[in-house]
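S.K.: Could you look at this predicted model? Sequence included:
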Amino acid sequence: MADTAPRPKVVKTEAEWRALLTPEQFRVTRGHGTECAFSGPHLSQKEAGTYSCVCCGEPLFHSSAKFESGTGWPSFFQPVSKDAVSAVHDHSHGMHRIEIRCATCDAHLGHVFPDGPRPTGMRFCMNGVALTFRADAVADSAASEGAGER
Ligand SMILES: [Zn+2]
């Protein structure tokens, strides 16, 4: 993933990230951790809105690409743009998987698998703690259930 014009990278020291994130957010995004299935936020989030990187705030996924995968992790069939995330081969745990990172700050987000729904057939299996949700501002929706924001 080299030949596209790189957007400005967000680079911080480990201490700076620790100060910014909760211990669980830090463990997952900076330590390549995985939250326990069904433990993270956003799983049952159905509102229209954007999911952004918890580390740098860059928009990564939109609710229109979210689907119920049954895995216990928020799942999307595509990112908001292919430049928003970067894919890295991951050979840990004796498996070959494609790791998905935030392209802006290299936060570990999750993995992508080729068993998703149409139209892409991809399943971006994300850690909920790696994402923050902001509902779309929709004028004709009086829905203000306030769920999802933290
Ligand atoms: Zn980021």
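M.R.: It's in.
S.K.: which one is Ser64 nearest to, not counting chain neighbours?
M.R.: Residue nearest to Ser64 in three dimensions, not counting chain neighbours: Ala48, with 7.2 Å by C-beta to C-beta, 6 or more residues apart in numbering. No exception for glycine: its C-beta is placed from N, CA and C like everyone else's.
S.K.: who touches Ala19 in this structure?
M.R.: Not one residue lies near Ala19 by C-beta atoms under 8 Å, 6 or more residues apart in numbering.
S.K.: ok, the residue nearest to Ser64 touching Ala137?
M.R.: No: using C-beta atoms under 8 Å, Ala48 is not in contact with Ala137, being 9.8 Å away.
S.K.: between these two, who's got more neighbours?
M.R.: Shown here are Ala48 and Ala137; by other C-beta atoms under 10 Å, Ala48 has more neighbours (15 against 8).
S.K.: Tell me the secondary structure at Glu99.
M.R.: The three-state assignment at Glu99 reads strand, by DSSP: H, G, I helix; E, B strand; the rest coil.
S.K.: how many other residues sit next to it?
M.R.: Glu99: 18 neighbours (other C-beta under 10 Å).
S.K.: ok, now Cys36?
M.R.: 10.
S.K.: doesn't it fall inside a strand?
M.R.: No: judged by three-state DSSP, Cys36 forms no part of a strand; its state is coil.
S.K.: where's it relative to Val54, distance?
M.R.: Distance from Cys36 to Val54, counting by C-beta to C-beta, to the nearest Å: 17 Å.
S.K.: Same question for Ser64.
M.R.: From Ser64 over to Val54 (counting by C-beta to C-beta), the distance is 20 Å.
S.K.: repeat for Ile100
M.R.: 14 Å.
S.K.: next one: Ala135
M.R.: Relative to Val54, and taking C-beta to C-beta, Ala135 is found at 16 Å.
S.K.: Which one of the two is surrounded by more residues?
M.R.: Val54 (25 against 19).
S.K.: Need the pLDDT of the more buried one.
M.R.: Among the per-residue scores, Val54 holds a pLDDT of 98.
S.K.: Likewise for Ala143?
M.R.: 50.
S.K.: just so I have it, where are all the strands in this structure?
M.R.: 49-53, 59-62, 66-67, 75-76, 85-90, 97-102, 108-113, 123-126, 131-135 (DSSP state E).
S.K.: can you redo those as JSON lines with distance to the ion?
M.R.: As requested, those are exported to JSON lines (distance: least, C-beta to the ion, whole Å):
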{"stretch": "strand 49-53", "distance to the ion": "3"}
{"stretch": "strand 59-62", "distance to the ion": "8"}
{"stretch": "strand 66-67", "distance to the ion": "19"}
{"stretch": "strand 75-76", "distance to the ion": "16"}
{"stretch": "strand 85-90", "distance to the ion": "9"}
{"stretch": "strand 97-102", "distance to the ion": "3"}
{"stretch": "strand 108-113", "distance to the ion": "8"}
{"stretch": "strand 123-126", "distance to the ion": "12"}
{"stretch": "strand 131-135", "distance to the ion": "10"}
